[in-house]
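K.L.:
for reference, the sequence and a predicted model appear below.
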Amino acid sequence: AQSVAQPEDQVNVAEGNPLTVKCTYSVSGNPYLFWYVQYPNRGLQFLLKYITGDNLVKGSYGFEAEFNKSQTSFHLKKPSALVSDSALYFCAVRDSSSGNTPLVFGKGTRLSVIA
Amino acid sequence: SAVISQKPSRDICQRGTSLTIQCQVDSQVTMMFWYRQQPGQSLTLIATANQGSEATYESGFVIDKFPISRPNLTFSTLTVSNMSPEDSSIYLCSVRDSLNGYTFGSGTRLTVV
């Protein structure tokens, strides 16, 4: 079975500081990993994904994430946070061998960037 | 990537009634996925809809409560039947793109009163 853990319900960071939103996963095979962001009263927006290749993935709005196979982690990072980054962030996973199957989501982490 | 048009964006419904949510995709896709996001919660998969066959429901979701239609490769509907306040949630459809990406509809925010 596939699963995702986002250990922090809430992350607070000052504007201009680096931010990290944590994610660990569990799959039986190789993972496909995703980050999505949800702003209030908006749908899910895709940020980035890891399928294969470089462990460091760069995505939208200056976000990046590093795939760490030994630690089964895929933490989301940004060097300098903006107030506009305040939103709900979801990590999601799919086993690469599972064919046309849906994503499994973590519970979400609410990021609050304080001016 | 695919573009999904989901309707309605929001609705307020009386308990005991039903609401049908529509998702139209701008390209043909094999599978469509329906999720529920309860207030302050994560996304939970309701069912997977494959064109030409009955949808496959996840544990805790049944066809009588959430009937799904998938008449062709670009369209699907989810009906929330006999609604109660506990059904108040955001409902989202999703498809898998090429290159192993996933696109989501903008969501339907349902309030049952």
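P.N.:
Great, that's in hand.
K.L.:
now residue A:25: how far from residue A:104?
P.N.:
9 Å (C-beta to C-beta, to the nearest Å). The way it works is simple: take the backbone N, C-alpha and C, and place the C-beta from them, glycine included.
K.L.:
identify the contacts common to the two.
P.N.:
Residues touching both residue A:25 and residue A:104 (C-beta atoms under 8 Å, 6 or more residues apart in numbering or on different chains): A:2-4, A:93.
K.L.:
any idea how far residue B:87 is from chain A?
P.N.:
19 Å (C-beta to the nearest C-beta, to the nearest Å).
K.L.:
could you pull up the residues touching that residue?
P.N.:
Going by C-beta under 8 Å, 6+ apart, residue B:87 touches B:80, B:110, B:112.
K.L.:
residue B:23 too?
P.N.:
B:4-6, B:32, B:75-78, B:93, B:105.
K.L.:
switch to 7 Å and redo it
P.N.:
Residue B:23 is in contact with B:4, B:6, B:32, B:76, B:93, B:105, counting by C-beta atoms under 7 Å, 6 or more residues apart in numbering or on different chains.
K.L.:
so which strand or helix has the residue nearest to the spatial centre of chain B?
P.N.:
With distances taken as C-alpha atoms, centre = their mean, residue B:34 lies nearest the centre of chain B, 3.7 Å away. Element membership of residue B:34, judged by DSSP states H and E, is strand B:31-37.
K.L.:
if we can go back for a sec, so which of the shared contacts of residue A:25 and residue A:104 comes closest to chain B?
P.N.:
residue A:4 (8.8 Å; C-beta to the nearest C-beta).
K.L.:
pretty sure residue A:77 is touching residue A:17, no?
P.N.:
No. Taking C-beta atoms under 7 Å as the definition, residue A:77 is not a contact partner of residue A:17, at 11.6 Å.
K.L.:
spatially nearest residue to the residue in chain B sticking out farthest from the centre (excluding sequence neighbours)?
P.N.:
Taking C-alpha atoms, centre = their mean, the residue of chain B most remote from its mean C-alpha position is residue B:99, at 22.8 Å. Leaving out its chain neighbours, the residue that sits closest to residue B:99 by C-beta to C-beta, 6 or more residues apart in numbering or on different chains is residue A:51, at 7.4 Å.
K.L.:
swap in residue B:93?
P.N.:
What sits nearest to residue B:93 in space, not counting adjacent residues and going by C-beta to C-beta, 6+ apart, is residue B:23, at 3.7 Å.
K.L.:
one step back: surely the residue nearest to residue B:99 and residue A:32 touch.
P.N.:
Yes. With contact defined as C-beta under 7 Å, residue A:51 and residue A:32 form a contacting pair (5.5 Å).
K.L.:
where in chain B is pLDDT low?
P.N.:
For chain B, the stretches flagged by pLDDT under 70 are B:100.
K.L.:
which parts of it sit against chain A?
P.N.:
With C-beta under 7 Å from any C-beta of the partner chain as the criterion, chain B meets chain A at residues B:30-31, B:33, B:42-43, B:45, B:48, B:92, B:94, B:96, B:100-102, B:104-107.
K.L.:
tell me, how many residues neighbour residue A:8?
P.N.:
Other residues lying near residue A:8 total 16 when counted by other C-beta atoms under 10 Å in any protein chain shown.
K.L.:
contacts only, for it.
P.N.:
Contacts of residue A:8 (C-beta under 7 Å, 6+ apart): A:22, A:109.
K.L.:
in a strand, it, correct?
P.N.:
No. Going by DSSP: H, G, I helix; E, B strand; the rest coil, the assignment for residue A:8 is coil, not a strand.
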